[in-house]
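J.: Provided below for reference: sequence and predicted model.
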Amino acid sequence: MDTKVVNKCVKGTETEKWLCQSYLAESQAYARYTFYAWKAEDEEYFPVQQVFLESAANEFRHAKVFLGYLDSVPVTVDVDVDAGYLGTTVDNLKLAMKEESVGGYEFYAKAAAVAEKEGFDDIASHFRAIASVEKSHYDRFQRMLNHIENGTLWKRDKPVTWKCIVCGYEAVGLTPPEKCPACNHQYKHYIALDDGYAPADPK
């Protein structure tokens with residue numbers, strides 16, 4: 001993508017403002033989810049930690065996409081800063097769900113409409129694609145929240161595949177092994193693959 005050409009086109013448009021807000025929001029989400037991952041680790045919700053880390057990596061990439069459309073000239077935008085707070089993992093999941101809906105896929109649907117109206121079809125397409133990722137984040141945060149509240153984070157009523165997030169060992173059952181036969185970590189280090197887990201991009 002020739003960002004120099006695209007940047008000249010968006011300069012001074014409403015689309016540019018939406019891009020700037022999106023870049024700031026995604027950067028903030030990257031930091032927040034990293035903090036939330038630390039809290040989940042403290043509370044020994046290791047599967048939730050992995051979900052937050054993967055989501056943070058996604059938000060980092062989203063921020064890079066939006067930054068690629070922006071020029072080096074400062075842009076003045078009105079941004080509501082919600083610093084939030086570091087609560088329990090349950091609190092953080094609820095805050096993350098709000099962020100992924102109101103500040104995520106709902107926001108990007110509006111951004112896409114603006115970009116499309118101004119003739120930036122490629123940017124609109126990116127807004128919509130990233131909105132679909134935000135909806136996926138929302139759904140997975142909801143699943144994690146339900147598991148914690150229902151006591152099913154490491155328990156299912158039907159056999160599923162469990163993966164050790166430390167060494168990668170997999171086992172099928174209603175619950176993960178009490179102790180990983182490969183690396184000796186306890187069951188809390190397992191995540192059910194049906195919860196949509198994928199390793200975070202280390203780059």
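T.: Yep, that arrived.
J.: what sits closest to Gly103 if chain neighbours are left out?
T.: Nearest residue to Gly103 in three dimensions, chain neighbours excluded: Ala25, at 5.7 Å (C-beta to C-beta, 6 or more residues apart in numbering). Any C-beta I mention is one placed from the backbone N, CA and C, and that applies to glycine too.
J.: where in the chain is pLDDT low?
T.: Residues of the chain meeting the criterion pLDDT under 70: 1-8, 72-73, 75, 77, 79-84, 196-203.
J.: ok so, going back, shouldn't the residue nearest to Gly103 be within a helix?
T.: Yes: judged by DSSP: H, G, I helix; E, B strand; the rest coil, Ala25 forms part of a helix.
J.: would you map the strands across this protein?
T.: Using DSSP state E, the strands of the chain run over residues 160-164, 170-173, 190-192.
J.: those strands: which one's closest to Asp78?
T.: Ranking those by proximity to Asp78 (C-beta to C-beta) places strand 190-192 first, at 39.5 Å.
J.: how distant is that closest one from the center of its chain?
T.: 18 Å (C-alpha atoms, centre = their mean, to the nearest Å).
J.: give the partner strands of it in its sheet and their orientations.
T.: strand 160-164 (antiparallel) (DSSP bridges).
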